[in-house]
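Peer 1: Give me a model of this one.
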Amino acid sequence: MNAVTSGNLIIHSLLNINEVTEFEMDIKKNCHTLAKLKGYVSEDIGVSPILQKLEGSSISVTMADKNGNEMSPPVFCGFIMEVSICREGNGYTAEIEAVSPTELLDREENCRSFQNIDMTYKALVRRVLADTANTEVIFHIEDRKIGTPVYQYKETDWEFLKRIAGQLGTSLLPGGVSVKPELYFGLPRGESREGQEASKEKIWFDRSYYTYDKEQYHFLKSQFICHEISNYENWKVGDSITMRDNSNKVILAKRCKLKQGLLVYTYTVGSPQVFGTARYDNAQMTGVSLVGTVLETKGECVRVSLDIDGAQNGQEVFWYPWLPDTGNVMYCMPEIGERIWITFDDGDGSARASGSIRKNGTGNGEMTDPSKRYFTTAKNKRMYLLPDCMGFVDLKQRVPLKVEISDSLGANIESSKELTVLAKKGVWLKASRISFLAPQEISLVRRDLASPAVINLCNGFDSIGKFGKVKMEGSGDAGFPVTESADVGKYDLNGAENAVLASTPCAAGTTILERQITGTKVNFITGQ
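Peer 2: Below is the predicted model:
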């Protein structure tokens, strides 16, 4: 191919440039394509273009063949970033700085999450690019699932996609041949070129080798040796080059510049590994807590719709572990609809649900005094720590059901239902005074089917045991009042046995077990 001269360059823009005197362009991974040019502006136009809105307008640089016809594709397409016009002699020169359309992806920072771990990287990239109209992406990667949630936090779409490319060990490359944003995700697969005639200008070792995890990537240092070659041929990044020593290299970056009126192309060539990017994290995420609403709970995990995402489909939301800063000593799982924090302890996206956001502080009298602490569940079970007492209470009960330790009253247990004390060995009650109060009945039972023992107080004193005996002992005066004896009378007990009820146990029945468990009723009375 013959060398392209400055006269073969054609500029299309709102600013009419007659003759190009300077032009240079730089294409490399993870950067927008930049172009600078300088040319003459007709005297009748003068400085009037500076009154126009040129920044952001489109510009393209094409080449003309020997017949003056424009060739395709263009050398550069993009948008004007900056324009300056200077007077030189009787005319004017304009200097323009332009950038590739991928810069549209690098203007506004966004925050969002991708919690569906079954989503693929290609689907994630397409969803991000959907926010920028007419954007096209060409993938040169092996697709796979993201596996863990991915977060874009205070990053432009371009910055975010560069980081995502790093997770796959590759890089982004701007297209730069269209006015709409185009990018390659991964190193393009180009054509084979003969580079024997290209002049080799320098050689160096790319220090990006040291950014890779040596346990994950087993690269050789020799793979990161790069060469710089130059010629007049217009090749593309990704083209394969056969060098003078018959080794095969890949074009990794491209520059072109007008030198003495000729357009000279300079290429960085090396192994495909140099085009990659080592995985790196978003340092801004470390320690950040994002607010969200609980959609679902299971065990000690929650699904959360983050505010940065708006409404989320519950099927696409990740299960976050509930790991509050207090540990698992004392906490309640948040309820559906509650507001909680998702905290990132580092920049790689590892997240946990760390705490609930209390919303009932204002106007709640129990929250006004910091010396009074309350811990209440959604089912109205409460633990309280007050200056003079502490305890547990069931707020759903109309009749008190609580356990309390008080400075003034000691320990108190109140129950509107049963109160059961169980012990594997013994239960001891020791005090200067022990009282049992029951309006209906008090029973003491020794649970043994073979040999039960019962003491029952219910309108009388009943007892039953293996031997059916009640032994009472005492010493000293009983202290009963002295009463006068009446005359002994004679009474007829004939038939009284049918009306006598006794309150002492007796042995009766036909078997031993029946005699042991017989009630306190007298079965018969012997005659005189």
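Peer 1: switch to C-alpha atoms for all contacts and neighbour counts from now on
Peer 2: Will do.
Peer 1: At the geometric centre of this protein, which residue do we find?
Peer 2: The chain has Ala351 as the residue nearest its centroid, 3.7 Å off, counting by CA atoms, centre = their mean.
Peer 1: wait, what's in contact with that residue?
Peer 2: Listed by CA atoms under 8 Å, 6 or more residues apart in numbering, the contact partners of Ala351 are 320, 342-345.
Peer 1: Top of these by number of neighbours, please.
Peer 2: Greatest neighbour count in the contacts of Ala351, by other CA atoms under 10 Å, goes to Ile342: 24 neighbours.
Peer 1: Which strand or helix spans that one?
Peer 2: Using DSSP states H and E, Ile342 falls within strand 339-344.
Peer 1: Can you name the residues in contact with that strand?
Peer 2: Taking CA under 8 Å, 6+ apart as the rule, strand 339-344 contacts 285-294, 334, 350-358.
Peer 1: Pull the distance from that strand to the chain's centre.
Peer 2: 7 Å (CA atoms, centre = their mean, to the nearest Å).
Peer 1: Look up the pLDDT of Pro174 for me, please.
Peer 2: On pLDDT, Pro174 comes in at 95.
Peer 1: show me what contacts it?
Peer 2: 27, 29-33, 100, 102, 182-184 are the contacts of Pro174 under CA under 8 Å, 6+ apart.
Peer 1: can you list these in a markdown table and add pLDDT?
Peer 2: Formatted as a markdown table, the contacts of Pro174 follow (pLDDT from 0 to 100):
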| residue | pLDDT |
| --- | --- |
| Ile27 | 96 |
| Lys29 | 96 |
| Asn30 | 97 |
| Cys31 | 96 |
| His32 | 96 |
| Thr33 | 96 |
| Ser100 | 96 |
| Thr102 | 96 |
| Glu182 | 94 |
| Leu183 | 95 |
| Tyr184 | 96 |
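Peer 1: quick check, nearest of the residues you listed to Val421?
Peer 2: The shortest approach to Val421 among the contacts of Pro174 belongs to Asn30, at 71.7 Å (CA to CA).
Peer 1: Quick check: which element contains the closest one?
Peer 2: Judged by DSSP H and E, Asn30 forms part of no helix or strand.
Peer 1: For it, give its distance to Ile80.
Peer 2: 20 Å (CA to CA, to the nearest Å).
Peer 1: what's the answer for Asn2, then?
Peer 2: Taken as CA to CA, the span from Asn2 to Ile80 is 29 Å.
Peer 1: Could you check which of those two is surrounded by more residues?
Peer 2: Counted by other CA under 10 Å, Asn2 and Ile80 do not tie: Ile80 has more neighbours, with 23 against 8.
Peer 1: isn't that one right up against Leu37?
Peer 2: No - using CA atoms under 8 Å, Ile80 is not in contact with Leu37, being 10.8 Å away.
Peer 1: list the residues that contact both of these two?
Peer 2: Common neighbours of Ile80 and Leu37 (CA under 8 Å, 6+ apart) are 96-97.
Peer 1: circling back: could you redo the contacts of Pro174 as JSON lines and give each row distance to Val399, secondary structure and neighbour count?
Peer 2: Below are the contacts of Pro174 laid out as JSON lines (distance: CA to CA, whole Å; DSSP: H, G, I helix; E, B strand; the rest coil; neighbours: other CA atoms under 10 Å):
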{"residue": "Ile27", "distance to Val399": "79", "secondary structure": "strand", "neighbour count": "23"}
{"residue": "Lys29", "distance to Val399": "74", "secondary structure": "coil", "neighbour count": "22"}
{"residue": "Asn30", "distance to Val399": "70", "secondary structure": "coil", "neighbour count": "22"}
{"residue": "Cys31", "distance to Val399": "72", "secondary structure": "coil", "neighbour count": "18"}
{"residue": "His32", "distance to Val399": "73", "secondary structure": "coil", "neighbour count": "24"}
{"residue": "Thr33", "distance to Val399": "77", "secondary structure": "coil", "neighbour count": "25"}
{"residue": "Ser100", "distance to Val399": "76", "secondary structure": "coil", "neighbour count": "29"}
{"residue": "Thr102", "distance to Val399": "71", "secondary structure": "helix", "neighbour count": "27"}
{"residue": "Glu182", "distance to Val399": "72", "secondary structure": "strand", "neighbour count": "20"}
{"residue": "Leu183", "distance to Val399": "71", "secondary structure": "strand", "neighbour count": "20"}
{"residue": "Tyr184", "distance to Val399": "72", "secondary structure": "strand", "neighbour count": "18"}
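Peer 1: Name the SS class of Ala94, please.
Peer 2: Using DSSP: H, G, I helix; E, B strand; the rest coil, the structure places Ala94 in strand.
Peer 1: Quick check: which element contains the residue nearest to it when sequence neighbours are not counted?
Peer 2: Nearest non-adjacent residue to Ala94, counting by CA to CA, 6 or more residues apart in numbering: Ile85, 4.4 Å away. Using DSSP H and E, the element containing Ile85 is strand 76-88.
Peer 1: can you list the residues that contact that strand?
Peer 2: 25, 35, 47, 50, 54-62, 92-101, 176-179.
Peer 1: What subset of those residues is buried?
Peer 2: 25, 35, 47, 54, 58-62, 92-101, 176-179 (16 or more other CA atoms under 10 Å).
Peer 1: can you list contacts of stretch 16-34?
Peer 2: If you take CA under 8 Å, 6+ apart as the criterion, stretch 16-34 is touched by 6-7, 9, 11, 35-42, 76, 94, 97-100, 102-103, 162, 171-174, 176, 252-258, 261, 275.
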